[in-house]
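>>> Mind folding the following:
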Amino acid sequence: MQRFRFSLDRLLWYRCLQERLAQQALAATRKEERQLAGELDRVSTLASCGTAELRSALMRPTPGADLILRTRFLASLEHRRATLSEHRLATMRTLGQRRAALIERRRAREVVEQLRHHALVEHRRACEREERLALDEVAGLRHVPRDAEGPMLGRDHSSIPAALGSFVS
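Residues are numbered from 1 along each chain as shown. Here you go, the predicted model:
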């Protein structure tokens, strides 16, 4: 029998490729989200330290230019924190979408793999059926009665029982 060929092999390859690309996109988004979370923590820490420094500066005599500079720095940190928070929320939404896309692509691949598995099982059954038929045919040829086979045709078989009788007694 011919070797197994799945007609949807290219589709299976394409679905595997799509799943791999979805995994890579998800990994990249996770990495971006972790970086944004780290940057957000760093900015939040800087802002809280800057606020503490501004409070201590207000308690002692400090030139007005220093206070304005510290206030602007804190405002820029607060703006950066708000921007990072928005960007992180957008990244989290993208992360959810990419997870859903990965699940969808994985299911699509699994469907084609199940089709391939069923086709392979059917192919194996057909091979086994053909093998059994061939073995039955060979076995049937070996057990053909000798009279129909031909080597003993035309002989007189009446002397066979008499010859056997002499061995038996």
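>>> so where's this protein shaky on pLDDT?
Within the chain, the stretches with pLDDT under 70 are 1, 143-169.
>>> Against Leu135, how distant is Arg124?
Separation of Arg124 from Leu135 (Cβ to Cβ, to the nearest Å) stands at 16 Å. Backbone N, C-alpha and C define where each C-beta goes, glycine included.
>>> Can you show me the helices along this protein?
9-59, 64-142, 146-149, 159-168 (DSSP state H).
>>> Turn those helices into CSV, columns for distance to Gln2 and mean neighbour count.
Shown next, in CSV, are the helices of the chain (distance: least, Cβ to Cβ, whole Å; neighbours: other Cβ atoms under 10 Å):
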stretch, distance to Gln2, mean neighbour count
helix 9-59, 15, 14
helix 64-142, 9, 13
helix 146-149, 34, 10
helix 159-168, 50, 8
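>>> Which of these sits closest to Arg3?
Among these, the nearest to Arg3 by Cβ to Cβ is helix 64-142 (8.9 Å).
>>> Which secondary structure elements does that closest one sit against?
Contact here means 3 or more Cβ pairs under 8 Å, 6 or more residues apart in numbering; DSSP states H and E; on that basis helix 64-142 packs against helix 9-59.
>>> got the angle for the helix it packs on vs helix 64-142?
Put simply, helix 9-59 runs at 160 degrees to helix 64-142, going by axes from the mean of the first three to the mean of the last three Cα atoms, to 10 degrees.
>>> Mind giving me the packing neighbours of helix 9-59?
Using 3+ Cβ pairs under 8 Å, 6+ apart, helix 9-59 sits against helix 64-142.
>>> Excluding sequence neighbours, find me the nearest residue to Cys16.
Of all residues not flanking Cys16 in the chain, Arg109 sits nearest, at 5.8 Å (Cβ to Cβ, 6 or more residues apart in numbering).
>>> any idea how far Ala25 is from the one you found?
16 Å.
>>> ditto for His117
From His117 to Ala25 the distance is 28 Å (Cβ to Cβ).
>>> residues making contact with stretch 14-30?
Thr91, Thr94, Leu95, Arg98, Arg99, Ala101, Leu102, Arg105, Arg106, Ala108, Arg109, Val112 (Cβ atoms under 8 Å, 6 or more residues apart in numbering).
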